[in-house]
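# The sequence isn't on hand, but the structure is:
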């Protein structure tokens, strides 16, 4: 197994819980701050009732300057945004741990909650990460804590297999419940008709065959993620153009690289000078990979050996 040591370059810092790196079709770069807050002066009566006030930021890649794009707020409750993807119209879709699935419009600055429930009428299990397939369907993970106004649960979701995955068919407004029994489902990616889900607490990548919007079969273990000392398990993921899967090993100081067929161990490991790697995303049409981490709550970049796989918004 190859061990590749990199010296990433700092892009910006100061994003509490740095996550969700994403580019839109115009090359604008965003990342989220799940553990953001508002001051007493900013907080109006009846808003941000539980003190949670995460935000989506537009980041200037030349200067590292962060500009608040939106601070999700629905029915008195703030959000804890985690994963992001852009559609072809530059809307940023956000998987939010407190508010479920959101859509931010850069045109008017609005951030709307797409739905509170799934097709069974059950409250969404929050949202951690998402991906848009080639047909425009949005697949996302819900690790296990019901969205606001239910009280936030950041204990049992890491101990019990309550995670669920969902799919919002293109043009629809209510997500379809796809499957459950995940021990904290996290990152999620698609390649053609293959759906991969990071199951953090088991250190596994779970695979499905996609049959249609919200329809899958053949659940199986696709890869195992190294259990280094301090490793919490797999987090965000992205493909390169060769079909290799790059997986953030949160707490493990590595991005794990898997062959297109997965396996019991990674084909290579990219070693970083920080441990709590949370997510990654390639700059469109390049081999520059942007990485978020929780050691210093920063965004970094490094050059990978291959170009990143083209995302839905750029196809």
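Looks like it arrived, so ask away. Since the model is a prediction, treat every value here as computed from it, not as a measurement.
# drop to CA atoms for contacts and neighbour counts, all remaining ones
Fine.
# Next, the residues that contact stretch 178-188 from outside, please.
Stretch 178-188 is touched from outside by 128-131, 139-144, 157-167, 195-202, 214-216, 234-237, with contacts defined as CA atoms under 8 Å, 6 or more residues apart in numbering.
# Show me which residues of that stretch are buried.
Burial within stretch 178-188, assessed by neighbour count using 16 or more other CA atoms under 10 Å, is assigned to 178, 179, 180, 182, 183, 184, 185, 186, 187, 188.
# what distance separates the start and the end of it?
Across its full length, stretch 178-188 reaches 13 Å end to end, with CA to CA, to the nearest Å as the criterion.
# same thing with stretch 258-275?
End-to-end span of stretch 258-275 (CA to CA): 19 Å.
# what comes up buried for it?
Using 16+ other CA under 10 Å as the burial criterion, the residues of stretch 258-275 that qualify are 258, 259, 262, 265, 266, 267, 268, 269, 270, 271, 272, 275.
# So which residues make contact with it?
Applying CA under 8 Å, 6+ apart, the set of residues contacting stretch 258-275 is 1-8, 222-226, 242-246, 250-257, 293, 295.
# which of these are buried?
8, 222-226, 243-246, 250-257, 293, 295.
# right, and residue 21 touches residue 30 too?
Yes: under the criterion of CA atoms under 8 Å, residue 21 makes contact with residue 30 at 5.7 Å.
# Compare these two (neighbour count), which wins?
Comparing residue 21 with residue 30 by neighbour count (other CA atoms under 10 Å), the higher total belongs to residue 21, at 28 against 25.
# Just say helix, strand or coil for the residue nearest to the more buried one when sequence neighbours are not counted.
The shortest distance from residue 21 to any residue that is not its chain neighbour, by CA to CA, 6 or more residues apart in numbering, is 4.4 Å, and that residue is residue 31. When the structure is reduced to helix, strand and coil (DSSP: H, G, I helix; E, B strand; the rest coil), residue 31 reads as strand.
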